[in-house]
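In: Take this sequence and fold it.
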Amino acid sequence: MSSVTTLRSRPTMADIDTMLEDSRYLDETQQELLVDTLRAENERIHGVYRNALATLCAALAAVFVYLAVHQVLYPYMAETHAFLSSAVSSTHIVSMHLVAAVGLFASALYITRMGDAWLAISLLFAALPALYWSYKFSAFVTYPTHIIWLPGTNAAMCAITWYVKRGCEQLENDVSELRSYMYAYKGA
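Out: Numbers count the residues shown, from 1 in each chain. Have a look, this model is predicted:
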């Protein structure tokens with residue numbers, strides 16, 4: 001007599017859809033499989049969103065660091081810096097680029113679940129360049145439209161990372177709530 005072990009495969013989303021279309025109630029194992037599948041799919045999708053946003057934040061921070069280094073080495077080479085250099089000192093341009101880079105790195109750390117304190121740091125480092133560049137731009141009668149991104153980049157990335165992280169947390173809470181309904185039903 002041979003001993004054959006069977007492995008129970010995880011159901012696909014199509015299998016779950018057919019189970020849900022069926023008029024029968026789900027038994028306990030089917031409920032657990034459904035909730036576990038939803039949780040796993042939720043984690044996978046949110047991981048993709050978090051990694052994509054963290055990569056975007058880090059790439060934008062690298063652009064700001066590059067611009068700061070470029071401003072230090074070649075102060076009048078870039079058209080943006082040549083335009084701003086008449087009204088803004090080079091050290092202010094460099095420091096605002098570095099502040100922006102720190103803010104974007106803080107946004108990347110916030111979205112990757114390093115803690116909510118990074119949101120406050122990101123907000124602070126988003127507000128400083130936004131206020132500074134808005135103040136400086138208000139003194140200009142006209143300015144090139146290609147520098148309008150300077151005040152808004154950090155604030156936009158901070159808002160996007162906050163929105164996506166809150167959305168991910170809300171979906172995680174919904175899956176937890178679904179699991180709590182399952183266990184409340186079992187106890188009854």
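In: Quick check, central residue of this structure?
Out: Nearest residue to the geometric centre of the chain (Cα atoms, centre = their mean): Thr161, 3.5 Å.
In: you'd agree that one is up against Ser122?
Out: Yes. In terms of Cβ atoms under 8 Å, Thr161 counts as a neighbour of Ser122; the distance is 7.3 Å. All C-beta atoms are positioned from the backbone trio N, CA, C, and that covers glycine.
In: shared neighbours, the two?
Out: By Cβ atoms under 8 Å, 6 or more residues apart in numbering, Thr161 and Ser122 have these common neighbours: 107, 110.
In: Which parts of this structure are helices?
Out: Ranges of helices in the chain, per DSSP state H, are 13-21, 28-73, 79-84, 90-111, 117-138, 149-187.
In: which one of the ones you listed has the most crowded surroundings?
Out: Highest mean neighbour count among those (mean count of other Cβ atoms under 10 Å): helix 90-111, with a mean of 22.
In: Which other helices and strands does that one contact?
Out: With contacts taken as 3 or more Cβ pairs under 8 Å, 6 or more residues apart in numbering; DSSP states H and E, helix 90-111 sits against helix 28-73, helix 79-84, helix 117-138, helix 149-187.
In: cutoff 6 Å now
Out: The elements that helix 90-111 packs onto, with contact taken as 3 or more Cβ pairs under 6 Å, 6 or more residues apart in numbering; DSSP states H and E, are helix 28-73, helix 117-138, helix 149-187.
In: Export it to PDB, keeping only CA atoms.
Out: Below are the C-alpha coordinates for helix 90-111, written out as PDB (Å, rounded to 0.1, in the frame of the first residue of the first chain):
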ATOM      1  CA  SER A  90      24.000  80.600  -6.000                       C
ATOM      2  CA  THR A  91      24.100  79.400  -2.500                       C
ATOM      3  CA  HIS A  92      20.400  79.800  -2.100                       C
ATOM      4  CA  ILE A  93      19.800  77.800  -5.300                       C
ATOM      5  CA  VAL A  94      22.100  75.000  -4.100                       C
ATOM      6  CA  SER A  95      20.600  74.900  -0.600                       C
ATOM      7  CA  MET A  96      17.000  74.900  -1.900                       C
ATOM      8  CA  HIS A  97      17.900  72.000  -4.300                       C
ATOM      9  CA  LEU A  98      19.400  70.100  -1.400                       C
ATOM     10  CA  VAL A  99      16.400  70.800   0.800                       C
ATOM     11  CA  ALA A 100      14.200  69.500  -1.900                       C
ATOM     12  CA  ALA A 101      16.300  66.300  -2.300                       C
ATOM     13  CA  VAL A 102      16.000  65.700   1.500                       C
ATOM     14  CA  GLY A 103      12.300  66.200   1.300                       C
ATOM     15  CA  LEU A 104      11.900  63.700  -1.500                       C
ATOM     16  CA  PHE A 105      14.100  61.100   0.200                       C
ATOM     17  CA  ALA A 106      11.800  61.600   3.300                       C
ATOM     18  CA  SER A 107       8.800  60.900   1.100                       C
ATOM     19  CA  ALA A 108      10.400  57.800  -0.200                       C
ATOM     20  CA  LEU A 109      11.100  56.600   3.300                       C
ATOM     21  CA  TYR A 110       7.500  57.400   4.400                       C
ATOM     22  CA  ILE A 111       5.900  55.400   1.500                       C
END
